[in-house]
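Trainee: what's the 3D shape of this:
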Amino acid sequence: MIGTVRVEALSKSYQVRQRKGLFKSQKSSVEALQSVSLDVQAGEVFGLLGPNGAGKTTLIKILTTLLLPTAGDAWVNGYHVLRQENQVRASVGCMLMGERGLYWKLTGRENLEYFGALYHLSPDQRKRKAQEIIDLLGLKDLADRTVETYSSGQKMSLAFGKALINDAPLLVLDEPTNTLDVPSASELRATVRDLNAQGKTIIYTTHIMSEAETLCKRVAIIDHGQLLALGTIAELKASLGRSQVTRIEGVITSKSLAAIRQLPEVEQASRTSLETIDLLTVVTRQGHENLPKLIETLNRTGALIQKIAPEEVTLEDVFIAKTGRTLAEDTTAH
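Mentor: Purely as a prediction, here's the structure:
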C-alpha cells in the first residue's frame, strides 16, 4: 500500500456566480472533475497531463487533502483521504504552489527547518535533513540568505527541496521545472530519476511533453474534468493506430484551420502561434497519401506554407488527438 494511490469515481463540482447584467447574478455549477478513476503503482513516476483548467490540480488537491471531493473515494499510501487525512498528509511530500509556498522573510535553511518541524521532526532531525537537501540541490551558497533575494528559479528549487523534508514515500510535484532555466531543469529531472530509483513513487504534472516521455512510466490525460486516456507512453502512441501526424509551418489563417478540420480524412488539427510563424499539427488517417489534399486546402484558403513534414507519433500528438488542441491552450479555469 505504501507509495500507491487509488482513485474511484472521484468528482468535484463548484457553485459559482455569473454576473447577469449590472446588478444581477445567477449561480451555475462547474464540474472540475467528472467521475475520474485511476491508480498509481508503487515505485513508478506517474505523469498527469492537461492544460490549465483541465482539472488535474483539483485532483491533486483532493489527493493531498486540500479539497473535499463532491463524490467518490481515494486512498493514498493506503489511507483514505477523508477518514484518515492526517496520515495522508504525513506520508506525502508536496510541491503544489511553487515559490508561493515559501516564507520569503526566512532564509532557505529556516524554511526547510520550519517545514520539518511541521512534520514533527526533532530539532536534530530537521537540521540534518535540511542540510542534506541543501547539499543535494546545490543550494549551499543560498541557504542562509532570505528567500526574497532568490531568483524565481532558485525559489522553485527550494520549493522542490521542501517537498523532500519529510522523506515521504510519495512525492506530488506540480510543474516542478516551471521558471527554471534549462540546466537547472535538467538537474531537477535527474534528481527526480534518482529519487525514483531509490523507491519513491512520484506523481508529476507537466506541460512539457518531453519531460513526460523521458520521466514517466505511465501518464493520464485529463481535460474538462474527464480522464481521456491512461497508459504507458508506448500504449498511448499505439492508440492512434495507423494515424499520420503532419506538421506544417507558415502563416495559417483561421479559415485554413477550419477548412482542414472539415476534411473527412482529418481526425484532429491544432494551431499554435509562435513569434513569427504558425505551427499546424494535423492528425490524419492512413498517412502520406493525404498530403496533396492538405496542401491544396491550405493554398485555396490563403495559407502560406513554409515547411511541411510528416513525423513520427509523439505524446504531444496523442494529446492533440484526444483533446483537439495543444497543452498550451487553457480551458475554463477549475
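
Trainee: What's the end-to-end length of stretch 190-205?
Mentor: End-to-end distance for stretch 190-205, by Cα to Cα, to the nearest Å: 16 Å.

Trainee: Give me the contact list for it.
Mentor: The list of residues contacting stretch 190-205 from outside it, by Cβ atoms under 8 Å, 6 or more residues apart in numbering, reads 3-5, 40-50, 56-57, 60, 63, 136-137, 160, 164, 168-176, 211-212, 215-216. Any C-beta I mention is one placed from the backbone N, CA and C, and that applies to glycine too.

Trainee: By neighbour count, which bits of it are buried? Give me those.
Mentor: Neighbour counts using 16 or more other Cβ atoms under 10 Å place 191-192, 195-196, 200-205 of stretch 190-205 among the buried residues.

Trainee: which one of those residues sits closest to Val30?
Mentor: Proximity of the buried residues of stretch 190-205 to Val30 (Cβ to Cβ) peaks at Thr205, which lies at 20.0 Å.

Trainee: any idea how far the closest one lies from Arg285?
Mentor: Here the criterion is Cβ to Cβ, to the nearest Å. By it, Thr205 lies 31 Å from Arg285.

Trainee: May I have the secondary structure class of Arg6?
Mentor: Classification of Arg6 into helix, strand or coil gives strand, according to DSSP: H, G, I helix; E, B strand; the rest coil.

Trainee: Return the residues in contact with it.
Mentor: 39-40, 74-75.

Trainee: how about a cut-off of 6 Å?
Mentor: Remark: with contacts taken as Cβ atoms under 6 Å, 6 or more residues apart in numbering, Arg6 is in contact with 39, 75.

Trainee: so how far is Ala220 from it?
Mentor: In terms of Cβ to Cβ, Arg6 sits 13 Å off from Ala220.

Trainee: Okay, and the beta partners of the residue nearest the centre of the chain?
Mentor: The residue at the geometric middle of the chain, judged as the C-alpha nearest the mean C-alpha position with Cα atoms, centre = their mean, is Thr205 (2.6 Å). Legend: beta-bridge partners of Thr205 under DSSP bridges are Leu48, Asp174.

Trainee: Give me the buried subset of the contacts of stretch 190-205.
Mentor: Applying a neighbour-count criterion of 16+ other Cβ under 10 Å, the buried members of the contacts of stretch 190-205 are 3-5, 40, 43-50, 56-57, 60, 63, 137, 160, 164, 168-176, 211-212, 215-216.

Trainee: Just the ones in helices from the residues you listed, please.
Mentor: Residues from the buried ones among the contacts of stretch 190-205 lying in helices, with DSSP state H as the criterion: 56-57, 60, 63, 160, 211-212, 215.

Trainee: Those: which two are farthest apart?
Mentor: By the measure Cβ to Cβ, those have their two most distant members at Leu63 and Glu211, which lie 20.2 Å apart.

Trainee: Run through the helices of the stretch 101-250 of the chain in chain order.
Mentor: If DSSP state H, counting those that start in this stretch is used as the criterion, the helices of the stretch 101-250 of the chain fall at 108-118, 123-136, 152-162, 182-197, 209-215, 233-238.

Trainee: Stretch 66-86 spans what distance, first to last residue?
Mentor: With Cα to Cα as the measure, the ends of stretch 66-86 fall 11 Å from one another.

Trainee: gap between it and the chain center?
Mentor: With Cα atoms, centre = their mean, to the nearest Å as the basis, stretch 66-86 stands 21 Å off its chain's centre.

Trainee: can you list the residues that contact that stretch?
Mentor: By Cβ under 6 Å, 6+ apart, the residues outside stretch 66-86 that reach it are 1-2, 5-13, 61-63, 65, 87-88, 91, 170.

Trainee: 8 Å - rerun?
Mentor: For stretch 66-86, the surrounding residues in contact (Cβ under 8 Å, 6+ apart) are 1-13, 33, 35-37, 58, 61-65, 87-88, 91-92, 96, 169-170.

Trainee: Now it: buried residues?
Mentor: Those buried within stretch 66-86 under the rule 16+ other Cβ under 10 Å are 66-67, 69, 72, 74-77, 79, 81, 84-85.

Trainee: What is the distance between stretch 306-317 and the centre of its chain?
Mentor: Mean C-alpha position of stretch 306-317 versus that of the full chain (Cα atoms, centre = their mean) differs by 22 Å.

Trainee: mind listing what's buried in it?
Mentor: 308, 313-317.

Trainee: same thing with stretch 272-284?
Mentor: So, applying 16+ other Cβ under 10 Å, buried residues of stretch 272-284: 272, 277-284.
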